[in-house]
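A.B. asks: Give me a 3D structure for the following:
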Amino acid sequence: MPDTTTEQPIIDFYTYPPVGTDNWRYLSQTAQVRMLELQMLNRATLLDMTNAETFEQAADFLSASEYVLPPSEDRFAELENTLRLRREALRALFAELMISKAIVKLFGTRDDFANLRLAIRRMLTKKPPGTDYSSDGNISAEQLKEAFEQENYSILPDYMQQAAEQAVLAYYQTKDIRQIDSAIDSFQAEFNLRMARKLKNIFLLGLFRIQVDLTNIRTMLRLKFTQAHSEMGLDKVFLKGGYLALERLKYGLDVGYESLGPLFFVTPYCRVVETGANYLASNKSFLKLEQQCDEHLTEFLKSTIQIVTGPQPIIAYFLMKENEIRTVRLILTAKKNHLDTKLILDRIS
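C.D. replies: Residues are numbered from 1 along each chain as shown. Down below sits the predicted model:
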């Protein structure tokens, strides 16, 4: 095994990077968020939902929460609307509490990039632009549709124009539709890191670098499982800017699953990789990898408890609440489709 430790960027923390210092302008906002955190669903409730025998029984465990489903002949049909309303309320609260509107806009770009990816895919496959885009970004669905229908991309923000140019160019180089996603993911990662540095926000910088690493770990294991890495340019597959050295990820493609734990032992992601790889090798499933990635990111967000006041707890609550909404949807959808309880537990715990 090559000595990849010398190739890895310096990591001056054990598990999670620093979250920054206090900002006393956020005193009342942080206090409000701390109260809201106490109202989040606890682990026991999620496990009770998972262990319930039916969808109806699982949904009943939400009767005392904000996710209670209204009486209906088809309660499952009400699920998406209930979760949509909770998500809209959360994003409105985030925009209200966050003093720095640049941070609010930055998180809005997540939907902008997702919408752009969909619009470019439709354009290059000769499909209508459509209108089923997220309404939570900085750019409206109507404005995006107009830009692609009239081929007037100047009405889009610079970051969307630049991402679109890179995605279209990447597609025409290989005529591989997957290159659209790869190019936009790469641009979005670089954009996030650049904005975090511009804002001089240590917490956001650490958050985005962790997200890059977790995405790269997912990519490494998916390429390894499908044995598709031999036909792909690895320099374009992995995102840049994380804490992990790309050479370590590339080497991980060529060693056995049992060697991945030791390979990543000196990194903060040893447990994520080892647990995800072992489960993948034995079950041919990425469930545990996704669970471990979610858990690692959530624990980093929880480390903002050390902050007395600042934007960090607000961002952390926002992201953890989004994850809670996704988890509720995952459990109830799985119950409706009679998915094995063990598989749900493997995904969420």
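A.B. asks: surely residue 188 meets residue 109?
C.D. replies: Yes. If you go by Cβ atoms under 8 Å, residue 188 and residue 109 touch, sitting 7.5 Å apart. Every C-beta, even on glycine, is put in place using the N, C-alpha and C of the backbone.
A.B. asks: Now do the buried residues in the helix or strand bottoming out on mean pLDDT in the chain.
C.D. replies: Within the chain, no helix or strand scores below helix 234-237, which has a mean of 76 by mean pLDDT, DSSP states H and E. Neighbour counts using 16 or more other Cβ atoms under 10 Å place residue 237 of helix 234-237 among the buried residues.
A.B. asks: do the same with stretch 245-256
C.D. replies: Within stretch 245-256, the residues scored as buried using 16+ other Cβ under 10 Å are 245, 246, 248, 249, 250, 251, 252, 253.
A.B. asks: domain assignment for this protein?
C.D. replies: 4-99+201-348, 101-198 (automatic domain parsing).
A.B. asks: returning to that earlier point: could you check how far the least confident helix or strand of the chain is from the centre of its chain?
C.D. replies: Chain-centre distance of helix 234-237: 20 Å, with Cα atoms, centre = their mean, to the nearest Å.
A.B. asks: count of residues packed around the residue nearest to residue 131 when sequence neighbours are not counted?
C.D. replies: Spatial nearest neighbour of residue 131, chain neighbours left out: residue 141 (5.5 Å); criterion: Cβ to Cβ, 6 or more residues apart in numbering. Residue 141 has 18 neighbouring residues, counting by other Cβ atoms under 10 Å.
A.B. asks: What's the separation between residue 141 and residue 188?
C.D. replies: Counting by Cβ to Cβ, to the nearest Å, the gap from residue 141 to residue 188 is 19 Å.
A.B. asks: Now do the contacts for residue 330.
C.D. replies: 344, 347, 348 (Cβ atoms under 8 Å, 6 or more residues apart in numbering).
A.B. asks: Need these in JSON lines (columns: distance to residue 76).
C.D. replies: Formatted as JSON lines, the contacts of residue 330 follow (distance: Cβ to Cβ, whole Å):
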{"residue": "344", "distance to residue 76": "16"}
{"residue": "347", "distance to residue 76": "19"}
{"residue": "348", "distance to residue 76": "19"}
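A.B. asks: Just the closest of those residues to residue 221, please.
C.D. replies: Taking Cβ to Cβ as the measure, residue 221 sits nearest to residue 347 out of those, at 15.6 Å.
A.B. asks: Let me know the helix or strand that the closest one is in.
C.D. replies: Assigned by DSSP states H and E, residue 347 belongs to helix 341-348.
A.B. asks: again, but for residue 250
C.D. replies: helix 246-252.
A.B. asks: tell me the mean pLDDT over stretch 85-94?
C.D. replies: Averaged over stretch 85-94, pLDDT sits at 96.
A.B. asks: buried sites along it?
C.D. replies: For stretch 85-94, burial by neighbour count (16+ other Cβ under 10 Å) applies to 86, 87, 90, 91, 93, 94.
A.B. asks: those strands in the stretch 101-250 of the chain, which residues are they?
C.D. replies: Assigned by DSSP state E, counting those that start in this stretch, the stretch 101-250 of the chain shows no strands.
A.B. asks: what residue ranges in the chain are flagged as low confidence?
C.D. replies: Within the chain, the ranges that satisfy pLDDT under 70 run 1-10, 229-234.
A.B. asks: Give me the most central residue, the protein.
C.D. replies: Centroid-nearest residue in the chain: residue 211, 7.1 Å away (criterion: Cα atoms, centre = their mean).
A.B. asks: Tell me which residues touch that residue, please.
C.D. replies: Residue 211 touches 189, 192, 297, counting by Cβ under 8 Å, 6+ apart.
A.B. asks: most neighbours, which of those?
C.D. replies: The residue in the contacts of residue 211 with the most neighbours, by other Cβ under 10 Å, is residue 192 (23 neighbours).
A.B. asks: do you know how far that residue is from residue 19?
C.D. replies: On the measure of Cβ to Cβ, residue 192 and residue 19 end up 17 Å apart.
A.B. asks: How about residue 25?
C.D. replies: The value you get for residue 25 to residue 19, if Cβ to Cβ is used, is 17 Å.
A.B. asks: Name the residue in those two with the higher neighbour count.
C.D. replies: Neighbour count, other Cβ under 10 Å: between residue 25 and residue 19, residue 19 has more, with 22 against 13.
A.B. asks: tell me which element that one is part of?
C.D. replies: In the assignment (DSSP H and E), residue 19 maps to no helix and no strand.
A.B. asks: Once you drop chain neighbours, what's closest to it?
C.D. replies: Per Cβ to Cβ, 6+ apart, closest to residue 19 is residue 203, 4.7 Å.
A.B. asks: Verify the stated contact: the one you found with residue 20.
C.D. replies: Yes. Proximity of residue 203 to residue 20 meets the contact threshold set by Cβ under 8 Å, at 4.6 Å.
A.B. asks: Find the residues that touch each one of those two.
C.D. replies: Counting by Cβ under 8 Å, 6+ apart, the shared contacts of residue 203 and residue 20 are residue 312.
A.B. asks: Show me which of those two is the more surrounded one.
C.D. replies: Legend: neighbour count by other Cβ under 10 Å for residue 203 and residue 20, higher for residue 203 (25 against 19).
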